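> here is a sequence together with a model predicted from it:
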Amino acid sequence: MTCELSPAPGGPAAPRTAALRPRLPSPVAELRDERFARRGLRLLLKRDDLIHPELPGNKWRKLEPNLRAADPARHTLLTFGGAYSNHLRATAAAGRLLGFATVGVVRGEELADRPLNASLSRCAADGMRLRFVDRATYRRKNEPEVLAELTRTAGAGGECFVVPEGGSNAAAVHGCTELGRELRGVADVVGVACGTGGTLAGLAAGLGQGQRTIGFPVLKGGFLGAEIERLQREAFGERRGAWELDERFHCGGYARTGPELDAFAEDFAARHGLAPERVYVAKMLYGLTTLALEGAFAPGTTVAAVVTG
Ligand SMILES: *Cc1c(COP(=O)(O)O)cnc(C)c1O
């Protein structure tokens, strides 16, 4: 089995993904939130979560260019994720909807002996073959020997089309520039939650003059700025757009929470009738609201919060 690391540019003229009928551009809704209004700020929600029921938010924007470059008659999609990965779920769903065989490499060898959680059960029900690997191997998944072994043993007949963890590669970053273009002239500041940073890398590049992006990493570590620069250089050959990160709102790390974040999310749901997704979106909204309360935005500023899922 051979392995294609980066998708060929272009793709068929009428992309088969159009058959999935994404809701694009995604809707923008204005929220009346006193914490913003009192300071002369407008708050908009960019509802990327409504793009597609099974490939919501940035998962659509990142996967679509990859799905367009791959061919279901030829390729098995192989990708990576943790036991609760939204990206694995979206890839599995795309496989079912578009006729791709899919293989998911899952972090954690011990999971192989346990009943599948709800997220991995959905992947399996969508036909994704799951391959559990130990954490050391998972960390080395991008090394050529490890990747070669994973694709060789993927067990599928055809070639492997490898999509990196979180779906973030140059094609995905280009896909996310469209999110920025949809927000041109709509907001001054755009807030987005970051996992791998691929969404921010594209979003910031797609925005217009005078607009800036604030990213809120949900993982602890402080490594993300360098990774976003790397993704932008891979996609565009240079750093693009005005963006910065605020690392204060990860609440201890991925999927971690705390009483303050829980209280914020419950209060937000009560105020607006919209319960924010907890792993990413709630942290971003908490960050933007804190910045508003701190006086970080000048009166008259329009703030758009990207609801990535
Ligand atoms: C995957 C995901 C993200 C992270 O996107 P990156 O491009 O990896 O930074 C953010 N929000 C939601 C809801 C997600 O599922």
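Looks like it came in fine.

> for the stretch 51-200 of the chain, which spans come out with low pLDDT?
155-157 (pLDDT under 70).

> show me where it has helices.
According to DSSP state H, counting those that start in this stretch, the stretch 51-200 of the chain carries its helices in the segments 58-69, 86-98, 118-125, 135-139, 144-152, 170-182, 198-206.

> and the contacts of the last one?
Right, the one you point to is helix 198-206. Outside helix 198-206, the residues within contact range by CB atoms under 8 Å, 6 or more residues apart in numbering are 58, 61-62, 166-169, 172-184, 190, 192, 194, 212-213, 215, 228, 231-232, 235-236, 240-243, 306, 308. All C-beta spots, glycine's among them, are computed from the backbone N, C-alpha and C.

> check stretch 55-64 too.
Taking CB under 8 Å, 6+ apart as the rule, stretch 55-64 contacts 15, 17, 20, 22, 48-52, 86-87, 90-91, 93-94, 163, 166-168, 172, 175-176, 178-179, 198-199, 202, 306-309.

> start and end of stretch 128-144, how far apart?
23 Å (CA to CA, to the nearest Å).

> what's that stretch in contact with?
Against stretch 128-144 from outside (CB under 8 Å, 6+ apart): 80, 88, 91-92, 95, 101-112, 116, 120, 123-124, 146-147, 150, 153-156, 164-165.

> next one: stretch 170-185
6-7, 24-26, 28, 46, 48, 58, 61-66, 69, 190, 198-208, 211, 231-232, 234-236, 241, 304, 306.

> quick one: buried residues of it?
170-180, 182-183 (16 or more other CB atoms under 10 Å).

> would a markdown table of the residues you listed with distance to the ligand be doable?
Rendered in a markdown table, the data for these read as follows (distance: CB to the nearest ligand atom, whole Å):
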| residue | distance to the ligand |
| --- | --- |
| Ala170 | 13 |
| Ala171 | 13 |
| Ala172 | 7 |
| Val173 | 9 |
| His174 | 13 |
| Gly175 | 10 |
| Cys176 | 7 |
| Thr177 | 13 |
| Glu178 | 14 |
| Leu179 | 10 |
| Gly180 | 13 |
| Glu182 | 16 |
| Leu183 | 16 |
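
> going by proximity to the ligand, name the top residue of the stretch 201-309 of the chain.
Nearest to the ligand in the stretch 201-309 of the chain, going by CB to the nearest ligand atom, is Gly309, at a distance of 2.4 Å.

> from the ligand, how far out is the residue nearest the centre of the chain?
For the chain, the residue nearest the mean C-alpha position is Asn58 (4.5 Å; CA atoms, centre = their mean). Distance, Asn58 to the ligand, using CB to the nearest ligand atom, to the nearest Å: 5 Å.

> swap in Phe100?
20 Å.

> didn't that residue look like it was pressed against Ala92?
No: in this structure Phe100 lies outside contact range of Ala92 using CB atoms under 8 Å: 9.6 Å.

> between these two, tell me which one has more neighbours.
The neighbour comparison of Phe100 against Ala92 (other CB atoms under 10 Å) goes to Ala92, with 29 against 24.

> strands of the stretch 101-250 of the chain, residue ranges please.
Assigned by DSSP state E, counting those that start in this stretch, the strands in the stretch 101-250 of the chain fall at 101-107, 129-133, 159-162, 189-194, 212-217, 242-245.

> format the ones you listed as TSV; extra columns: mean neighbour count.
As requested, those are exported to TSV (neighbours: other CB atoms under 10 Å):
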stretch	mean neighbour count
strand 101-107	23
strand 129-133	18
strand 159-162	24
strand 189-194	26
strand 212-217	24
strand 242-245	16
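
> in CSV: these, plus distance to Ala275.
Shown next, in CSV, are the strands of the stretch 101-250 of the chain (distance: least, CB to CB, whole Å):
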stretch, distance to Ala275
strand 101-107, 28
strand 129-133, 29
strand 159-162, 35
strand 189-194, 15
strand 212-217, 18
strand 242-245, 26
